[in-house]
Each structure stands twice: as C-alpha cells, then as structure tokens.
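Trainee: Prediction below, plus the sequence it came from.
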Amino acid sequence: MPNDVFISYSSKDKDAATVVCSALESQGISCWMAPRDILPGKTWGGAIVEGIEQSRIFLLIYTAQSNASQQVLREVDRAVNKNIIVLPFRLENVPLTSDLEYFLSSCHWMDALQSPLEKHLDGLAAAVNRLLGKDVPQRPAPVAAGKAKPKWLAAGIVAALCAICIAGVFLFTNKDTTAPPPVLVTATVASDDRAKQKPTVDDLAFQEAVNAYTAEALNAYITTYPQGRHVVAARQHLQKLQLPLKQDLEFDYSFVALRKTPGKGVEKISVTDGAELHSGDQFYLSFQASTACYAYIINEDSRGAMNILFPNQLAGDNRIEPGVSYKIPTGGPEMMFELDDMPGTETMYIVASREPQPEVQRLLAAITKPAGADSAQAVAFLREKLQQLGAGTKNQVSGAAVTAGPAEKLTGSGIVVRKVTFQHR
C-alpha cells in the first residue's frame with residue numbers, strides 16, 4: 001500500500017520518531033514506520049525495502065544515534081538509489097559522518113534543535129504537505145467565547161506562522177561527494193497570499209543535471225547558466241567525475257570448518273578447493289571488503305539445491321561497509337552452520353560487487369519458491385550467471401585479519417566471484 005512518508009530513525013530515538021509519526025498522521029499524512037508496519041511473516045530487510053519503495057518522501061530523524069546507525073545508513077542508501085525525496089529532520093546538532101555525508105550533503109534540511117520537539121511539528125507537516133503537492137491545512141487561532149476575533153490578531157498569527165516556517169527550514173551546506181546526490185528537496189514557505197514558492201528554471205536545470213550525473217549534463221548546465229546559483233556546485237561535481245577511476249575491489253574471506261575429534265578436541269580446517277568435510281562438521285565464513293559493495297554467499301548442496309547463506313533475515317540487506325569484518329552465520333561467535341547427513345559434492349559461491357546485481361537477486365528470489373520446474377530452471381541459470389560474473393576474478397592468499405585462520409583475497413574491477421568445491425563425506 002503506497003504511503004506518503006517513510007520514517008527512518010535509530011531504535012534509540014523511537015519515542016521521538018513516534019511523536020513525529022503521530023503528528024503527521026493527525027494531519028492526514030500516511031506514514032510507514034518499523035516495526036509497527038512490518039507484517040507477520042515478512043523479513044525485516046525485505047519489509048524495509050518495500051516500505052521505502054512505496055513511499056514518496058523519506059524522512060530521516062537525524063540525531064547522534066541515527067548518524068552512527070548502520071541500519072539507517074542502509075535505508076538512506078536505498079532511498080537515494082530509488083530517487084525518493086530525502087528530508088532530514090535534525091533534532092541534534094552533530095556533524096555528519098562521512099558515510100551519511102556521501103548521500104546528504106546536497107539535501108535541504110529542517111531544523112528542530114530547540115525544545116520542545118512538538119513546536120516544530122506543524123512546520124514539518126506543512127513542508128511535507130507541500131512536497132506532496134497537498135494543500136496545507138490552516139489551523140484557526142483560538143477565540144475567547146463571545147468575542148469577535150480582531151483583524152490585527154489574525155494578521156499577527158499568520159505572520160508568526162510564516163516566521164516559524166521560514167526559520168524551520170534551512171540549507172545544511174557541506175562539501176560535494178562523488179556520488180549523485182538525492183533528489184533535490186525544495187522546501188517552500190507561505191507568503192501573505194499563501195501562494196506556493198516554486199523552484200526556478202535554474203533550480204530545475206541543476207536538479208536535472210545532478211540526477212543525470214554525467215560530465216555532459218553538468219557542462220550543459222554550466223554553459224546555459226554561467227551566472228546560475230548552482231554553478232560552483234556543478235563545477236565541483238564535474239571535478240569529482242573527472243578523477244581517476246577507483247581502485248580494484250578487494251574482498252578478503254575465510255571459509256573455516258570445525259571438526260570435533262574424540263581425544264583431539266576441535267580441529268580447525270581452512271576450506272579450499274578439494275577439501276574434505278564430514279557430516280556433523282560445523283563451519284562459518286568471515287569477510288571484509290576494501291570498498292562499499294554488495295555480497296552474495298550461496299551454497300549448492302549435494303542434492304543440487306541452492307541455499308542462500310547471505311543475505312539473511314538477521315543480517316538485513318547485503319550491503320558491505322569498507323573495512324568492517326562480517327561473519328555468517330550472524331548472532332555471535334558461537335553460531336555455526338552444520339553439515340547434514342547427505343554426502344556428495346558441494347559448492348560455495350562467494351560474490352561481491354560494487355553495485356547490486358538485479359539478475360542474481362531475481363534468480364535468488366526464484367529459487368526460494370517451492371520446488372518445481374521454474375525453481376530448477378532458476379538454479380541452472382544462476383550457476384551460469386555466476387560463472388560469467390566470475391570470469392575476471394583474481395585470487396591469492398591474503399594477509400587480511402578477517403579470522404584467526406588464513407584468508408583469501410579476491411580482486412576485480414567491479415565484481416569478484418569465488419567458487420569453492422569440496423567433498424562432503
């Protein structure tokens with residue numbers, strides 16, 4: 001069901017987010033907010049992505065907690081990639097992390113630094129309504145019983161409301177980044193005749209150029225509007241585009257098995273091509289990347305069935321942050337996968353890509369459906385697709401400390417794929 005606003009917040013700010021949600025909904029603005037709107041049976045990550053995609057505005061409750069939240073960062077990333085209007089609502093005066101700055105440096109913000117929060121909510125609702133193209137509801141000033149409302153009082157209230165709206169919306173300036181900024185949010189304020197302030201031709205041309213984010217589009221804006229208000233920003237974006245290409249994607253991983261042997265304790269085995277594992281052996285994978293990317297880890301068991309190990313419900317989406325160590329299964333060091341009692345040849349596919357792989361995601365969705373002709377065909381297509389994607393991957397022993405065991409480094413320009421085949425006895 002489509003919604004007007006998706007509310008993104010840190011779980012530590014749930015009380016403030018709930019107040020904001022109630023205020024917006026009381027003025028007829030429909031909101032999507034986790035965990036309230038996640039239906040039973042839905043995965044957390046899938047529900048979040050669906051909620052973002054079905055909303056017209058992405059409202060970020062910005063605090064020190066959300067600034068440091070990896071979950072919030074993933075949500076902002078999805079909203080920007082879907083070209084959804086991003087409206088940060090700042091409750092605390094803290095500098096952006098470099099990760100959030102990457103997405104939000106060109107956004108217009110709303111400021112709610114002064115307590116109480118409630119006094120800023122009418123201005124927020126008015127801004128949201130304007131962005132949605134709705135008429136802004138007018139709240140009549142209270143009048144004492146039996147007395148007429150003086151004209152000077154009404155005019156004063158209108159002027160005060162205008163002042164609050166103008167003070168509440170400001171431009172949070174920061175340096176430009178190498179990625180296309182989100183859809184430009186133009187917050188409007190009410191004038192004396194309540195007319196809406198519309199973006200200028202200059203604003204619209206710049207917005208079109210940054211949405212395209214090509215040298216040709218940015219140069220065209222600079223040439224057409226040499227005195228435009230966004231020329232400096234356009235030149236900075238152009239300079240970023242002309243920087244040398246990024247270094248290769250490097251993805252370090254360890255595939256480790258643990259075997260309990262009577263009298264010998266627990267033996268740690270580094271799993272590589274041709275390794276032999278036994279039913280009952282436990283295993284885990286750990287990994288990290290040199291740059292932000294998206295990971296897919298898939299096991300093909302001895303029956304030819306594909307099992308998606310990552311992403312999973314606990315891990316959320318499959319975005320990997322640079323320099324951060326990840327482990328699957330998630331849930332703590334004591335959590336392990338365990339080989340069943342179906343021996344045969346098994347394969348582990350380890351995939352990392354700078355950009356999401358829609359075809360891989362579509363095939364993964366297909367193989368999770370009940371067994372049948374479509375599912376079997378998707379498995380065959382997935383094998384072929386992974387083989388194609390991995391053609392340019394280079395691998396070598398890595399010195400990265402992703403686990404206590406040895407690691408392997410995968411290197412490629414935009415995507416790396418490693419296929420590890422082992423014998424399950």
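Mentor: Okay, I see it.
Trainee: Relative to Ala126, how far out is the spatially most central residue of the chain?
Mentor: For the chain, the residue lying nearest the average C-alpha position, counting by C-alpha atoms, centre = their mean, turns out to be Arg74 (2.6 Å). According to C-beta to C-beta, to the nearest Å, Arg74 and Ala126 sit 29 Å apart. (Glycine included, C-beta is placed from N, CA and C.)
Trainee: Equivalent analysis for His424, please.
Mentor: 62 Å.
Trainee: ok, now Met33?
Mentor: 20 Å.
Trainee: Please apply the same query to Cys21.
Mentor: In terms of C-beta to C-beta, Cys21 sits 16 Å off from Ala126.
Trainee: more crowded one of those two?
Mentor: Between Cys21 and Ala126, counted using other C-beta atoms under 10 Å, the more crowded position is Ala126 (24 against 21).
Trainee: Can you classify that one as helix, strand or coil?
Mentor: Under DSSP: H, G, I helix; E, B strand; the rest coil, Ala126 falls in the helix class.
Trainee: pLDDT score for it?
Mentor: On pLDDT, Ala126 comes in at 90.
Trainee: Strands of the stretch 151-300 of the chain, residue ranges please.
Mentor: Secondary structure of the stretch 151-300 of the chain by DSSP state E, counting those that start in this stretch: the strands cover 169-171, 249-261, 265-270, 276-277, 282-289, 293-300.
Trainee: so how far is the fifth one from its chain's centroid?
Mentor: Spelled out, that is strand 282-289. 23 Å (C-alpha atoms, centre = their mean, to the nearest Å).
Trainee: And the shortest one, by the same measure?
Mentor: Computed by C-alpha atoms, centre = their mean, the chain-centroid distance of strand 276-277 equals 38 Å.
Trainee: what residues does it touch?
Mentor: 257, 259, 269, 271, 283, 339, 422-425 (C-beta atoms under 8 Å, 6 or more residues apart in numbering).
Trainee: element containing Glu50, please.
Mentor: helix 44-53 (DSSP states H and E).
Trainee: Could you export that helix as PDB, CA atoms only?
Mentor: The C-alpha trace of helix 44-53 is given here as PDB (Å, rounded to 0.1, in the frame of the first residue of the first chain):
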ATOM      1  CA  TRP A  44      12.900  -7.300   8.300                       C
ATOM      2  CA  GLY A  45      15.100  -6.300   5.400                       C
ATOM      3  CA  GLY A  46      12.500  -7.100   2.700                       C
ATOM      4  CA  ALA A  47       9.800  -5.100   4.500                       C
ATOM      5  CA  ILE A  48      12.100  -2.100   5.000                       C
ATOM      6  CA  VAL A  49      13.000  -2.000   1.300                       C
ATOM      7  CA  GLU A  50       9.300  -2.400   0.300                       C
ATOM      8  CA  GLY A  51       8.300   0.300   2.700                       C
ATOM      9  CA  ILE A  52      10.900   2.700   1.200                       C
ATOM     10  CA  GLU A  53       9.900   1.900  -2.400                       C
END
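Trainee: what's the following helix or strand after that helix?
Mentor: Immediately after helix 44-53, counting by DSSP H and E, sits strand 55-62.
Trainee: tilt between that following strand and helix 44-53?
Mentor: Angle, strand 55-62 to helix 44-53, by axes from the mean of the first three to the mean of the last three C-alpha atoms, to 10 degrees: 110 degrees.
Trainee: Show me what whichever helix or strand comes after strand 55-62 is packed up against.
Mentor: Counting by DSSP H and E, the element after strand 55-62 in chain order, helix or strand, is helix 64-67. Helices and strands touching helix 64-67, by 3 or more C-beta pairs under 8 Å, 6 or more residues apart in numbering; DSSP states H and E: there are none.
Trainee: Show me the contact partners of helix 64-67.
Mentor: 8-10, 12-13, 60, 72, 92, 94, 96-97, 100.
Trainee: cutoff 10 Å now
Mentor: 8-13, 16-17, 60, 72-73, 75-76, 88, 90-97, 99-101 (C-beta atoms under 10 Å, 6 or more residues apart in numbering).
Trainee: Can you give me the buried ones in the helix or strand that comes right after that helix?
Mentor: Toward the C-terminal end, the helix or strand that comes next after helix 64-67 (DSSP H and E) is helix 70-81. Residues 71-81 are the ones in helix 70-81 that count as buried (16 or more other C-beta atoms under 10 Å).
Trainee: now swap in stretch 351-360 and tell me
Mentor: For stretch 351-360, by 16+ other C-beta under 10 Å, it's 351-354, 356-357, 360.
Trainee: Stretch 34-48 now?
Mentor: 34, 37-38, 44-45, 47-48.
Trainee: Give the pairing partners of the helix or strand that Asp4 is a member of; include direction for each.
Mentor: In the assignment (DSSP H and E), Asp4 maps to strand 3-8. Partner strands for strand 3-8, per DSSP bridges, with pairing direction: strand 31-32 (parallel), strand 55-62 (parallel).
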